[in-house]
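K.L.:
model the structure of this input:
(chains A, B and C)
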Amino acid sequence: MLQFIIRRTVGAAVTLFLIGAATFFLFVAAPSDYASLSCGKDCSPQRLEDIREALGLNLPLAQQFWDFMSGIVVGRDFPGEHCPAPCLGQSFYSSDLVWDTIKDRFPLTLSLTVGATVVFLVLGLGAGMLAAFRRGSPVDKVATGASMVLSSFQIYFLGPIALMIFVYGTGIMEDPKYVPLTEDPVGWLVGLSIPMVVMATIFTAQYTRMARSSLIEQLAEDHVRTARAKGMSQRYVFFRYAWRGSLIPIVTILGIDLSSLLGGAVVTELTFSLQGIGRLAVDGAVHKDLPLTMGVMLVGAFAILILNILTDIAYAWIDPRVRLS
Amino acid sequence: MTTVTKTEGAPAGTGPEGFLSVRDLSVRFATEDGVVRAVDGLSFDVERGRTLGIVGESGSGKSVTNLTILGLHNPRTTTIDGEIVLDGKELVTATEKEMEKLRGNKVAMIFQDPLTALSPYYTVGRQIAEPFMKHTGASKKEGWARAVEMLGKVGIPNPAQRAKDYPHQFSGGMRQRAMIAMALVCDPDLLIADEPTTALDVTVQAQILDLLKDLQQEFGSAIVFITHDLGVIADMADDIMVMYAGSAVERGTVDEVLRAPRHPYTWGLLNSMPRLDSDLSAPLAPIPGSPPSLLSPPSGCRFHPRCAFRDRVAGDRCVTERPLLGPDRSSACHLTAEQKRTIFAEEIKPRLG
Amino acid sequence: MKEDLVLPAPRGTAAEREREPLLEVSGLTKHFPVKGGFPIKRTVGQVQAVDGIDLSIGVAESFGLVGESGCGKSTTGRLITRLLEPTGGTISYRGRDITHARRKQLAPVRSEIQMIFQDPYSSLNPRQTVGKIISGPMEINGIDPAGGREKRVRELLEIVGLNPEHYNRFPHEFSGGQRQRIGVARALALDPKLIVADEPVSALDVSIQAQVVNLLQQVQRELGIAFLFIAHDLAVVRHFSQRVAVMYLGKIIEIGDRDSIYTRPRHPYTHALLSAVPEVTLTEGAGRNRERIRLAGDVPSPISPPSGCRFRTRCWKAQDKCATEVPPLVRIEGNREGHLTACHFPEDPTITDRGEDIVLDPALAALEETDQG
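P.N.:
Next up is the predicted model:
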C-alpha cells in the first residue's frame, strides 16, 4: 500500500514537471511575444527592450526554462524584488507576486469546491441509495424524477434565482461572502452555503442517478445474493455488500469530475462575485496576464493531481483486489 | 426406497412425508415481453440424509425452483403459487424475518461460480463467520474460530492463515471449498447445490464431489443437487428428477432413471451425451430443435415439438393433453408403460452401446 | 499470387507434399511477460502459457487437444491461427514456415486456416446480418465465388443446417446452437483446409452440443477438412478426434491415437484426468470398475511452473529425478507407434480399477479414513 502511494506520488511529480514544461513552452516560447504583452499598449521600443532584459527573454531558451522551473522549486530574483519558492512569476497587471495572489484566493475556492463536493456526495449518494433500496416505490420515482429536472439547472441560472429568493426577496440570508474557516467556522458555512448548494445541484442530480444505477447493478451481483442466501438481513446486505461495490464506479467518475468541479467553481465565483481562483483565472485571461494564467494553471493541475492520488487511495481502500495485486 | 411419494397436486396440509416437500409449485415472472412461466406445477420431496439430483438444461426451471425455496426471488416481479414445506413449516407464506432465520442456518446454498459468488471486499474468514455469528449469536472471536475450523474441514491447507485472505487470492477449487465451508458452517439440514462444479476443472470437480459426499455422511444433511451433467448426477444423487421447460418429466432412483429411463426427453439426453465408453462408430443422436420459450410454451406435452415418439401415441393427445407425473417412479408421457419399456429396450439402449 | 513468392517455396514434389502433414508445429512457445516491480515497472516474470510443444496434423485429420484451464490449449490454437505471435518455435503449413509471416505473406494461408470460437453470443457481431457475417471472410480476402457471394452464403447456411431464407436475419434471432452453426458457416466460407475449433460446444446445452458435434464431424468427413479440436471435455474430444494430445501447464505430456490415450494411457496425469470424469454407468448392478484417483489442489500457476516434470507437485509417483530432469516426450516401452509419453515413471497401460484408490487430497483422505474407522 505504501509502495503504491509512493509510486503514485513519484508519477505525479513527473506529470507536474511535464505540465510545467508544457505551460512554459506554450506561453513563453511560443511566438506570443511575452514582452509586449507585459509592456502594455503604449510601449516604446526602449521600454520593451528593458522588459526583455528584466524578464530574461534575451537569454537562451534553455536558460529561461531552467530559471522558470528552478524558480518554482527554490525561488528566484527579479529586478527589485525577491520571489521566494514557489515562484510563479510576477503579475503584469498588478505587479504582485503570482503565488501571493493565489495563496490569498485559494482558500475560498478550496472551501467552495470541498463544500460543494460534500453536499453533492451526501445528498446524491443518499438519495440514490434510498431510491435503489426502495426501487419502484414513490420515493424512487420522486428521486429519479427530481434528478432528471435538477440535472438541467445550470449554476448561472440557479444562482441568481437563489439570490433573489433567499437574499433579496425574503432576506433570510446575507449576500454570499467568504470568511476564513479558521476565524469563524459558522460564518464560513453561512457565508458560502448558497454558492455551495447551487454549485452542488447539478452534481447531486448526476450522482443520485449514478448511485442508484450502480447500486441496482450491485444488488444483482452473485455475491450479494450469496450474502442473502446465508441469512444476512436485507439492510445488512445492502450496506455491507452492495454499497461497497457500488462505490467503485462512483469514485471513478468522481476522479474524472474533479476538473469539471474546478470549472464549476469558476462559474460559481463569477455568479456570486466571489474572489477566488476561478475569478483570478478569468482576470488573468482578460488582462492577458500571462504569469498569472500560468500560475493558476499550474496550481489547478497540482490540485487535480493530488485529488487523483486521493481517488486512487480510495480505490485501494474500497477494493482489496486493487490493494493486494 | 424412493423419496418421491406424493401424488401430483396432493391436497395441502396433509403432512408431507419428506423433510422438504414441494407441492404444485408455480413460479411466474412478469417481464417486458410477457409472463414467463419458469416453473409450472412442480411437486417433489427430499428426505434427510438423501440427495435429490435435479437435472435439466438451461431454462428448465431447476435453478429458479431452488431460489424460490430460499425466498430469493424478486418479490416485485414474481408470482408464486403452491406450497413449499420445510420440516413442517410453510415457506411460501413465511415472512422475510422468518426466512432470514432459515437461510444459511437450516437451509444453505452453494452457487455455481465461486469467484462471483463470494464478495471480493471481505476476507474469506469473515464471510464464513458472518452467518455463524448471526444464527448462533456467537462472538466475533468464536465466529472466526469456527470459520478456521470449517476451512480446515474442507481441506484448505493452513486455514488460520488463509482465513485472512480475500477470495481473489484463492484458486478456483479452494474458493468452492470456502463456499462449501460457508454453507455448512451452521450445520444445515438441507443443502442446495446449484451447479457447484460446473465452473471447475475436471480433476478439481472430482475432489469437490467426493468432498460433498463425505461431508454429507458426516453432517447428515439432505442435499438438492442441481446440474446439467448426467455424469455428475449419477455420481452424486440417490434420486433423480428430470426437468424440462418448467416441469418435472421423470423421476425415480438413480438406477431407475439412468438405467431404465421412461421419458423420451431422458432418452434424448442420454443419447446426445458422449461418454468415455460409448460406441464411436455411430454419430451422437441429438434431440432435434431447441428448448421452447417459456413466454408461450407449447400446448399439451411441452416436449412434443421435439419428440420422436409422439406419433406412437394415438390421436393428438400429445398436443392437447398435458401428461401428468404420477407418484413414485414415474414419467410424464402419454406412451403406455409397455411402449416405454419396449422402445427403450429395442431402440434406445442399443444405441447407447 | 505474388505474395506466395515471399514465402519459402514448398519443398519437394507434389507427391511428397501429399504425404507431408498439413500443419507441423515444433518447439512452439508463447510466453506472456508479467509486469511489476518497484519503483519502475519492468518484466518480472513470464507466464509460460505454451512451452515448447511439437505436434503435427495430417490432411483431413481430426486432432484433439485436451487439458484443464491454464494448460495452454487455447493459446496453442491462437498461435496456430496466428492470432498471437509465437515467442519461439516454428509453425509450418504445407511445408511453408508461417511462424512469423507478415500479414501480406499470410493472406493466402489465412483463408485456409479458420477458427471457430467458444462463445456463440460474443463471437458474432450483433449489428451484422447473418449474410454479412458469413460473407465477411470472402469480402476481406476479395474472393468472388461463381454465382456470387450471396448464393455461396445460402449454400453454406444449408450445409450447416440453417434455413437459407434466414440470410437477412440478425444473430439475436437465433438460439445458441444455431449461432454456433453460423460460426461454422463463417469458418467454411473460404474452403479451409484446417479449422481450429476452440471449445466449440462447451457453452451449449447437452442436447444442442450433440447437434453441433455431429455437424462438425460431418463437415470434417465430407469436406475433408482437418480439425484441431480444443476442449476440456474428455468425452467430447474422444468422440470427435482420431488423435489426441493431453496438455498440462504449457506442455504436451501425452499424445497418441484415440484408443491409446483413452484406454492405454501411460502418464499419471492422463490417468487422473480420465478417472476424474464422472460417468453414467448404464448396466444395471455394475459398480465402478475404473480406477479412482483424486489429486490434491488445483493446477499450479504457469508463471513459475515446477522444475523438471511439471506434474510432479501433484503426482503420487514423483521422485527426485522428476524435479531435476524434464521427461522427454518419447515412445516408451509398451506404447504403440505414435503414442508418446513424457514421464519418468509411467503407469500401466490400463484404466481399470487397481484395487486401491489414490487419494491425495488431505481433506478427502481424512474424511474417508474416519468413515472406514
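K.L.:
which residues of the stretch 251-353 of chain B lie near chain C?
P.N.:
Residues of the stretch 251-353 of chain B lying near chain C by CB under 8 Å from any CB of the partner chain: B:255, B:258-260, B:268-278, B:280, B:283-288, B:290-291, B:349, B:352. For glycine as for every other residue, the C-beta is placed from the backbone atoms N, C-alpha and C.
K.L.:
quick one: the strands in the chain?
P.N.:
By default, I'm working from chain A. In chain A, the strands defined using DSSP state E lie at A:76-78, A:81-83.
K.L.:
if you could check chain C rather than the one you did, that'd help
P.N.:
Ranges of strands within chain C are C:23-36, C:42-57, C:62-66, C:88-93, C:96-97, C:113-116, C:194-198, C:226-231, C:243-248, C:251-257, C:293-294, C:340-341, C:358-359, based on DSSP E.
K.L.:
now the longest one: how far from the chain's centre is it?
P.N.:
The gap between the average C-alpha position of strand C:42-57 and the chain average comes to 15 Å, counting by CA atoms, centre = their mean, to the nearest Å.
K.L.:
for the last one, same thing?
P.N.:
Strand C:358-359 sits 28 Å away from the centroid of its parent chain (CA atoms, centre = their mean).
K.L.:
quick check: phi and psi on B:Ile343?
P.N.:
Backbone torsions of B:Ile343, given as degrees, to the nearest 10, read phi -60, psi -50.
K.L.:
of all the strands of chain A, which one is nearest C:Thr352?
P.N.:
Closest to C:Thr352 of the strands of chain A, according to CB to CB: strand A:76-78, at 88.5 Å.
K.L.:
neighbouring strands of the closest one in the sheet, and parallel or not?
P.N.:
Neighbouring strands of strand A:76-78 in its sheet, by DSSP bridges, are strand A:81-83 (antiparallel).
K.L.:
wait, does stretch B:183-197 contact chain C?
P.N.:
No - Stretch B:183-197 stays clear of chain C (CB under 8 Å from any CB), getting no nearer than 8.8 Å.
K.L.:
surely C:Phe63 and C:Ala245 touch.
P.N.:
Yes - counting by CB atoms under 8 Å, C:Phe63 touches C:Ala245, with 7.3 Å between them.
K.L.:
which neighbours do those two share?
P.N.:
In terms of CB atoms under 8 Å, 6 or more residues apart in numbering or on different chains, C:Phe63 and C:Ala245 are both contacted by the residues C:Leu55.
K.L.:
what about the residue in the stretch 1-150 of chain A that chain C sits nearest to, distance to A:Phe106?
P.N.:
Relative to chain C, the nearest point of the stretch 1-150 of chain A is A:Gln3 (5.4 Å; CB to the nearest CB). In this structure, A:Gln3 and A:Phe106 are 31 Å apart, going by CB to CB, to the nearest Å.
K.L.:
quick one: which of the two has more around it?
P.N.:
Remark: of A:Gln3 and A:Phe106, A:Phe106 carries more neighbours, 17 against 9, as counted by other CB atoms under 10 Å in any protein chain shown.
K.L.:
so which residue is dead centre in chain C?
P.N.:
The residue lying closest to the centre of chain C (CA atoms, centre = their mean) is C:Ile230, at 2.5 Å.
K.L.:
which regions of the stretch 201-325 of chain A sit below the pLDDT cut-off?
P.N.:
Counting by pLDDT under 70, the ranges of the stretch 201-325 of chain A that qualify are A:325.
K.L.:
just checking, B:Ser60 touches B:Met241?
P.N.:
No - contact between B:Ser60 and B:Met241 fails when scored by CB under 8 Å: they sit 10.4 Å apart.
K.L.:
how many residues are close by the residue lying closest to B:Ser26 once chain neighbours are set aside?
P.N.:
Leaving out its chain neighbours, the residue that sits closest to B:Ser26 by CB to CB, 6 or more residues apart in numbering or on different chains is B:Asp81, at 4.3 Å. Close neighbours of B:Asp81, defined as other CB under 10 Å, add up to 13.
K.L.:
element containing B:Asp81?
P.N.:
Element membership for B:Asp81 (DSSP states H and E) is strand B:78-86.
K.L.:
now do that strand: distance to the chain's middle.
P.N.:
Offset of strand B:78-86 from its chain centre (CA atoms, centre = their mean): 16 Å.
K.L.:
that strand pairs with which strands, and in what direction?
P.N.:
When DSSP bridges is applied, strand B:78-86 pairs with strand B:20-31 (antiparallel), strand B:89-90 (antiparallel).
K.L.:
winner for burial among those strands?
P.N.:
Among the strands paired with strand B:78-86, strand B:20-31 has the highest mean neighbour count (mean count of other CB atoms under 10 Å in any protein chain shown), at a mean of 20.
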